[in-house]
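> The following comprises the amino acid sequence and a computationally predicted model.
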There are 2 protein chains.
Amino acid sequence: MRQRNSPQQAAAVMDQNLAGEDREQLIACAELLFFAYRDFINDPDKVLEQYGFGRAHHRVLHFVNRNPGLRVADLLHILKITKQSLARVLKQLIDEGFVTQRSGREDRRQRLLYVTPKGNKLADKLANLQMRRIEAALNQAGPGANAATQRFLFAMIAEKDRERVHALLRLPEALVAFEPIEHQQQDRTT
Amino acid sequence: MRQRNSPQQAAAVMDQNLAGEDREQLIACAELLFFAYRDFINDPDKVLEQYGFGRAHHRVLHFVNRNPGLRVADLLHILKITKQSLARVLKQLIDEGFVTQRSGREDRRQRLLYVTPKGNKLADKLANLQMRRIEAALNQAGPGANAATQRFLFAMIAEKDRERVHALLRLPEALVAFEPIEHQQQDRTT
DNA sequence: CAAACAAGTCAACATGACTGACGTAAATCA
DNA sequence: TGATTTACGTCAGTCATGTTGACTTGTTTG
């Protein structure tokens, strides 16, 4: 038996109803994240379909577009998938002329990845779709939403990956160090 | 009991940028959303593996747990998948005693879904994992992050689904009406 | 030179999505 | 009442994307 307060009640006792209301807030966040991501993914999917590509292709194309010269190993860390999974979509992107490879100058074992002009065009097209939705959402969420949301999303990342992501996205320093956090024990597994 | 300060206090600085910088901000949001969701999904996955379940099972279990008496048709709208996709995971959840069905009283064609105590236990276990991460992230993101993030995530949802989600999550009215939205429907058909 | 490393590849498999077609029982409409 | 619609279930096949394991080819490094 779970009781749910009406919005009026919720607003009234916002900071007093400790565990119960707090729990509802957290669950709302979780569910909203699910719905938001569901629709965030949706726009590009329709376009990708026309190219015979899927989300996996999109992700590769995006990060190569944003980070020219990315190594395959980097991509594996970013996407957290196996190289066999990556290989399939990467091969398609290369075969169809959206991505190219060059050997690294210093280390010739490495295959550095770059988008072609064609790849850049598609990547930008997809990015613009998503950015339009994000922009509208930020506007609707009001001032401060950008900063707060970025801090929240960044803090949702597994702690051991944050530094890598921070560097990858070239984020401002403020994002990491908003509040000192006491004890954090996450992602010790494996 | 995070304080819900007015979002203006949180950070009014970051939101007034120029076009080029603005674009970078939006891209950062998009990428952060990807990384956040990637890791948000990760915690439950490890537990689900032990039960022989996947994400699809988790989603069904979660929404049935949160909304006892949910109809199959509702679930399809929530998850935006086909009934054939749903059928497989739902059947497993029922066969293994995590979910039960009852015929609707008014309309006996309907199969109303409920979690069993066993199902409730697993659902809560998974929810707690995710809520712990969200709680830590909200703390780290500072005051105002909860409200701002919820508004942002809500606004990311496809407009035609917002009303439905709003009703489903029993969200406070303020979430929808931060900024005057022009046309809003009153249809409450769940 | 041997070992470690970056990357590619082959094969088999699991999950979760899809389409299309069909069945069944209950509600609703003409 | 009889026909149609609705809610749900199911069979069968396909596709996209993930997995593990094993092996190869270059290249760098100890």
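Perfect, I can see it now.
> what helix or strand is the residue nearest the centre of chain A on?
The geometric centre of chain A, computed from its C-alpha atoms, lies nearest to residue A:153 (CA atoms, centre = their mean), at 8.6 Å. According to DSSP states H and E, residue A:153 maps onto helix A:145-156.
> wait, is residue A:53 part of a strand?
No: checked against DSSP: H, G, I helix; E, B strand; the rest coil, residue A:53 lies outside a strand; its state is coil.
> So what's the residue count around residue A:82?
By other CB atoms under 10 Å in any protein chain shown, the residues close to residue A:82 number 9. Where C-beta positions appear, they are placed from N, C-alpha and C, glycine not excepted.
> where does the closest residue to it other than its chain neighbours land on pLDDT?
Spatially, and ignoring its direct neighbours in sequence, residue A:82 is nearest to residue A:76 (7.4 Å; CB to CB, 6 or more residues apart in numbering or on different chains). For residue A:76, the pLDDT comes out at 97.
> pretty sure residue A:76 is in contact with residue A:84, am I right?
No: Residue A:76 lies out of contact with residue A:84 (CB atoms under 8 Å); the separation is 10.3 Å.
> Between these two, which is the more surrounded one?
The neighbour comparison of residue A:76 against residue A:84 (other CB under 10 Å) goes to residue A:76, with 14 against 7.
> For that one, give me its contacts.
Counting by CB atoms under 8 Å, 6 or more residues apart in numbering or on different chains, residue A:76 touches A:82-83, A:86.
> How many residues are close by the residue of chain A found nearest DNA strand D?
Nearest residue of chain A to DNA strand D, counting by CB to the nearest atom of the strand: residue A:54, 1.6 Å away. Neighbour count for residue A:54, taken as other CB under 10 Å: 14.
> and what of the one 5 residues further on?
Using other CB under 10 Å, the number of residues around residue A:59 comes to 19.
> List the residues that contact the closest residue to it other than its chain neighbours.
Distance criterion CB to CB, 6+ apart; nearest residue to residue A:59, sequence neighbours excluded, is residue A:79 at 5.9 Å. The contact partners of residue A:79, taken as CB under 8 Å, 6+ apart, are A:59-60, A:63, A:86.
> Low-confidence bits of chain A, can you list those?
A:1-19, A:175-190 (pLDDT under 70).
> Residues in contact with the helix or strand hosting residue A:56: which ones?
For residue A:56, the host element (DSSP H and E) is helix A:55-66. With contact meaning CB under 8 Å, 6+ apart, helix A:55-66 is reached by A:41, A:44-45, A:48, A:51, A:70, A:75, A:78-79, A:85-86, A:88-90, A:92-93, A:98-99, A:113-115, A:119-120, A:122-124, A:126-127, B:27, B:31, B:34.
> With stretch A:80-89 instead?
A:53-54, A:56-57, A:60, A:72, A:75-76, A:79, B:38.
> among the residues you listed, which ones are buried?
Among the contacts of stretch A:80-89, those scoring as buried are A:53, A:56-57, A:60, A:75, A:79, B:38 (criterion: 16 or more other CB atoms under 10 Å in any protein chain shown).
> Distance of the residue lying closest to residue A:54 once chain neighbours are set aside relative to residue A:90?
What sits nearest to residue A:54 in space, not counting adjacent residues and going by CB to CB, 6+ apart, is residue A:48, at 6.1 Å. Distance of residue A:48 to residue A:90, given as CB to CB, to the nearest Å: 15 Å.
> Of those two, which one has the most company?
residue A:90 (23 against 18).
> re earlier: export the contacts of residue A:79 to a markdown table and tack on distance to residue A:146?
Converted to a markdown table, these look like this (distance: CB to CB, whole Å):
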| residue | distance to residue A:146 |
| --- | --- |
| A:59 | 23 |
| A:60 | 27 |
| A:63 | 22 |
| A:86 | 32 |
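> what would those look like in a markdown table with distance to DNA strand C?
Converted to a markdown table, the contacts of residue A:79 look like this (distance: CB to the nearest atom of the strand, whole Å):
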| residue | distance to DNA strand C |
| --- | --- |
| A:59 | 15 |
| A:60 | 11 |
| A:63 | 14 |
| A:86 | 7 |
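> Now residue A:87: which helix or strand?
With DSSP H and E as the criterion, residue A:87 is inside helix A:83-95.
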